[in-house]
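Peer 1: Return atomic coordinates for the entry below.
(chains A and B)
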There are 2 protein chains.
Amino acid sequence: MSKEHIREIFLEMTPDDRTDVFEELPASVTKEFLNLLPIKERKEAMTLLGYPEDSVGRLMTPDYVAIRSSWSVYESLEHIRKVGKDAETIDIMYVVNEKWHLLDEISLRQLILAPMEEKVERLMDGEFQSLYASEDQEEAVKKMKKYNLTVLPVVDSQNVLLGVVTIDDVIDVYEDEVTEDIHKGASVIPFEINYATAPIFSLFKKRVVWLLFLAIAGFLSGSVISSFEGLLNKVIILAFFIPVLIDTGGNTGTQSATLIIRALVTGDLTPGKWLNVIKKEAIVGIMLGLALGLVLFFWSYVWQRDFKISIVISLSVVLITLWSNIVGGLLPMILRKLRLDPAIVSSPLITTVMDVLGLFIYFYIALLVL
Amino acid sequence: MSKEHIREIFLEMTPDDRTDVFEELPASVTKEFLNLLPIKERKEAMTLLGYPEDSVGRLMTPDYVAIRSSWSVYESLEHIRKVGKDAETIDIMYVVNEKWHLLDEISLRQLILAPMEEKVERLMDGEFQSLYASEDQEEAVKKMKKYNLTVLPVVDSQNVLLGVVTIDDVIDVYEDEVTEDIHKGASVIPFEINYATAPIFSLFKKRVVWLLFLAIAGFLSGSVISSFEGLLNKVIILAFFIPVLIDTGGNTGTQSATLIIRALVTGDLTPGKWLNVIKKEAIVGIMLGLALGLVLFFWSYVWQRDFKISIVISLSVVLITLWSNIVGGLLPMILRKLRLDPAIVSSPLITTVMDVLGLFIYFYIALLVL
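Peer 2: Reported below is the predicted structural model:
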């Protein structure tokens, strides 16, 4: 491509999309490309690039329309007709003073519906939401969701208007966040890269850390089994039921943890409600345990024809399910309370924790009953 | 609350929020409440309630501004000034003919930036996106994301304009969808109710089905172990490593399945790329297997001081990891290809599948080596 062509492509992009592209390029290439832009566009790109990677500053575009409180509706509309062509949005205008401090926002709708001779200051109510350029992009997502907005003004610490953030860019951030949560749930260190284009080695790196940690933690389960070696040697049948019992614990815990983590993320649940969660998970846990206990009792009896073994299996599954439910539900609540990320409680992690607990319950009951 | 008070509350709501409330109430109460509304509002609510629960028709609001192609920009703006106060959005106006067929959409921005005497038809380009009222709400999400829109017109099969859908309502639908995907990933039948207010019995119902199914499937693992009973009786140490080996298989499979399912949902991956996925998962699987195999070799040797056992463990983990990776990656691709929901491949399901495979690999290798 000729430089002229590249320049044209860049000029057709909105400033925030342009920043995205620059970010992907090596610094030397970025610099060369920046030089292809006209001074105004270059300045915009440079300003946007000065903010940390996940900050609102990177997401904003300076293409907004600003008006003055002393103007009339007619003057404001005339101004919009003049400068609005280049704006990312003219649905909302921003009222600034001579030092470019943000005073209020006025919607195009308000202007259109007001009498032409009305002063802008008469339309102002001083009620508006804004973001700091240094804030995390997740703040933009939260505010837009909370206040049902499609655009938010961005200011610096002095309340000087720097730009606006629009919902189409925020939706991308939101989607990345969701992907992050889902990856964490599977013990994968979250990554922003596209699966189809991700290099083999980064896939490996993002996965191996948790797998190694969990495998090493898995030796705890081995120790529990080895400490009951004598019993197992006498009743080898007990080994047949290890997978189904530890899996049931893992599955139940995964369900609880996932429900609680998602409810914390969407705001359906606050960390203060932990007592409520314990109560709910305990009752549901007993119900699930009884249902599973009944089915596993008959199934194991049909298979092994050993009444005592079936008693051990079904008693174990009731206790394992109850405990998995409480642990799976409570762990994310505790982490959130400690201001840690509850999403660390992935299904693989809860499975490993419940293995140790489940095996201990199983062999201890077996020791008592047999 | 008095009827007058209820009536006022309802009148302050937008029609689509009102529909949401009505939907939650028993039919008899709905009817009584509908009678509290003025004829115009009642008609709106009735129309909206006629569509199936997850349809675009339920999401739409009839409060839009329609203009005619023969009007001038000035006439259109005057019309907006008159009727725009009650509209949910005036950012986009819809051009209709005398039979209310949708011809085009014009943004307020276009009108404001055009000369006052220009005819609307001169601004029309016939390019617009629309939805059918009977379509699934997920279509609205997809279209808004794809075309970066904040509002979409809704038409019937005759292309008659019925209403508009705005992004604030669509974001709620999107969030529900994400919650659904996450619940499925934990083998919970998705539910729309808030965890904090969900009745105990619905929580139980949504969870017990998969748990029972997986527990019964878990007996397959038991059969594999029991078929190697002789070997296990001779070398009881083999039982100690069952949890860590089957968990590693489950964890690896969960990681792959989660990455692939999410990539399919976000569109990063298309079902056509299955060969690519196999290749990638195979290579990553071998790398993970070698890393885990090395660590497990030393760990097990330090613990049991049995060279042959350590060989069995590490060989098994390499093969298990490789297979889990391929199965976990491929299963969702196959389901998508068959037009089934790939999200059925939850972490508990993949864990159960990998148990059977993993145990078979483990004991078979043990039989060969010992």
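
Peer 1: Can you pull the residues of the stretch 251-370 of chain A lying near chain B?
Peer 2: Proximity of the stretch 251-370 of chain A to chain B, by Cβ under 8 Å from any Cβ of the partner chain, involves residues A:251-252, A:254-255, A:257-260, A:262-263, A:266, A:268-269, A:273, A:276, A:280, A:283-284, A:287-288, A:291-292, A:295-296, A:299, A:303, A:317, A:321, A:347-348, A:351-352, A:355, A:359. The C-beta positions use only the backbone N, C-alpha and C, and glycine is treated the same way.

Peer 1: Mind giving me the ChimeraX select for those residues, buried ones only?
Peer 2: Restricted to buried positions by 16 or more other Cβ atoms under 10 Å in any protein chain shown, the ChimeraX selection for those reads:
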select /A:251,252,254,255,257,258,259,260,262,263,266,268,269,273,280,283,284,287,288,291,292,295,296,299,303,317,321,347,348,351,352,355,359
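
Peer 1: Next step: the residues of the stretch 251-370 of chain A next to chain B restricted to helices.
Peer 2: Applying DSSP state H to those, the entries found in helices are A:251-252, A:254-255, A:257-260, A:262-263, A:266, A:276, A:280, A:283-284, A:287-288, A:291-292, A:295-296, A:299, A:303, A:317, A:321, A:347-348, A:351-352, A:355, A:359.

Peer 1: can stretch A:178-188 be found next to chain B?
Peer 2: Yes - under the criterion of Cβ under 8 Å from any Cβ, chain B is reached by stretch A:178-188 at A:178-179, A:181-183, A:185-188.

Peer 1: What count of nearby residues applies to A:Trp274?
Peer 2: By other Cβ atoms under 10 Å in any protein chain shown, 17 other residues sit near A:Trp274.

Peer 1: Could you check how many residues crowd around the residue nearest to A:Trp100 when sequence neighbours are not counted?
Peer 2: Among residues not flanking A:Trp100 along the chain, A:Val160 sits closest, at 5.2 Å (Cβ to Cβ, 6 or more residues apart in numbering or on different chains). A count of neighbours around A:Val160, defined by other Cβ under 10 Å, yields 14.

Peer 1: Mind pulling up the pLDDT for the residue positioned nearest the centre of chain A?
Peer 2: Centroid check for chain A by Cα atoms, centre = their mean gives A:Glu177 as the closest residue, at 3.6 Å. Looking at A:Glu177, its pLDDT is 79.

Peer 1: Repeat that for the one 10 residues further on.
Peer 2: Predicted confidence (pLDDT) at A:Ser187: the value is 77.

Peer 1: same question, A:Ala27
Peer 2: Taking A:Ala27 on its own, its pLDDT is 62.

Peer 1: how close does the residue nearest to the centre of chain A get to A:Glu24?
Peer 2: 20 Å (Cβ to Cβ, to the nearest Å).

Peer 1: And for A:Val120?
Peer 2: 41 Å.

Peer 1: Mind checking which of those two has more residues around it?
Peer 2: A:Val120 (23 against 8).

Peer 1: Surely that one touches A:Ala66?
Peer 2: No - using Cβ atoms under 8 Å, A:Val120 is not in contact with A:Ala66; the gap is 11.2 Å.

Peer 1: shared neighbours, the two?
Peer 2: A:Val95 (Cβ atoms under 8 Å, 6 or more residues apart in numbering or on different chains).

Peer 1: on that earlier part again, can you pull the contacts of the residue nearest to the centre of chain A?
Peer 2: Here A:Glu177 is in contact with A:138, A:141 (Cβ under 8 Å, 6+ apart).

Peer 1: Please identify which helix or strand holds it.
Peer 2: In the assignment (DSSP states H and E), A:Glu177 maps to helix A:167-185.

Peer 1: From the chain's centre, how far out is that helix? Work that out for me.
Peer 2: Computed by Cα atoms, centre = their mean, to the nearest Å, the chain-centroid distance of helix A:167-185 equals 6 Å.

Peer 1: try stretch A:135-152
Peer 2: So, by Cα atoms, centre = their mean, the centroid of stretch A:135-152 is 14 Å from its chain's centroid.

Peer 1: Can you give the contact residues for that stretch?
Peer 2: For stretch A:135-152, using Cβ under 8 Å, 6+ apart, the contacting residues are A:54-56, A:58-59, A:89, A:91-92, A:129-131, A:164-167, A:170, A:173-174, A:177, B:150, B:167-168, B:171.

Peer 1: What subset of these is buried?
Peer 2: When the contacts of stretch A:135-152 are checked for burial by 16+ other Cβ under 10 Å, the buried set is A:55-56, A:58-59, A:89, A:91-92, A:130-131, A:164-167, A:170, A:173-174, A:177, B:150, B:167-168, B:171.

Peer 1: in chain A, which spans are strands?
Peer 2: For chain A, applying DSSP state E gives strands covering A:66-67, A:92-96, A:102-107, A:131-132, A:151-155, A:161-166.

Peer 1: What is the first one packed up against?
Peer 2: Judged by 3 or more Cβ pairs under 8 Å, 6 or more residues apart in numbering or on different chains; DSSP states H and E, the packing partners of strand A:66-67 are helix A:73-83, strand A:92-96.

Peer 1: just the angle between the last one and strand A:102-107, please?
Peer 2: If you take axes from the mean of the first three to the mean of the last three Cα atoms, to 10 degrees, strand A:92-96 sits at 150 degrees to strand A:102-107.

Peer 1: just checking, A:Thr14 touches A:Tyr64?
Peer 2: No - A:Thr14 is not in contact with A:Tyr64 according to Cβ under 8 Å; the separation is 11.9 Å.

Peer 1: neighbour-wise, which of those two wins?
Peer 2: A:Tyr64 (24 against 14).

Peer 1: what about the helices in the stretch 101-250 of chain A?
Peer 2: Per DSSP state H, counting those that start in this stretch, the stretch 101-250 of chain A carries helices over the ranges A:108-113, A:120-123, A:137-147, A:167-185, A:200-217, A:219-227, A:229-234, A:237-240, A:242-266.

Peer 1: Present the residues of stretch A:178-188 next to chain B as CSV; the columns should include neighbour count.
Peer 2: CSV is the format used below for the residues of stretch A:178-188 next to chain B (neighbours: other Cβ atoms under 10 Å in any protein chain shown):
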residue, neighbour count
A:Val178, 21
A:Thr179, 22
A:Asp181, 18
A:Ile182, 22
A:His183, 21
A:Gly185, 27
A:Ala186, 25
A:Ser187, 27
A:Val188, 25
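
Peer 1: With respect to A:Trp100, which of these is nearest?
Peer 2: For these, the closest approach to A:Trp100 (Cβ to Cβ) belongs to A:Val178, at 35.9 Å.

Peer 1: tell me the contacts of that closest one?
Peer 2: Applying Cβ under 8 Å, 6+ apart, the residues near A:Val178 are B:Val178.
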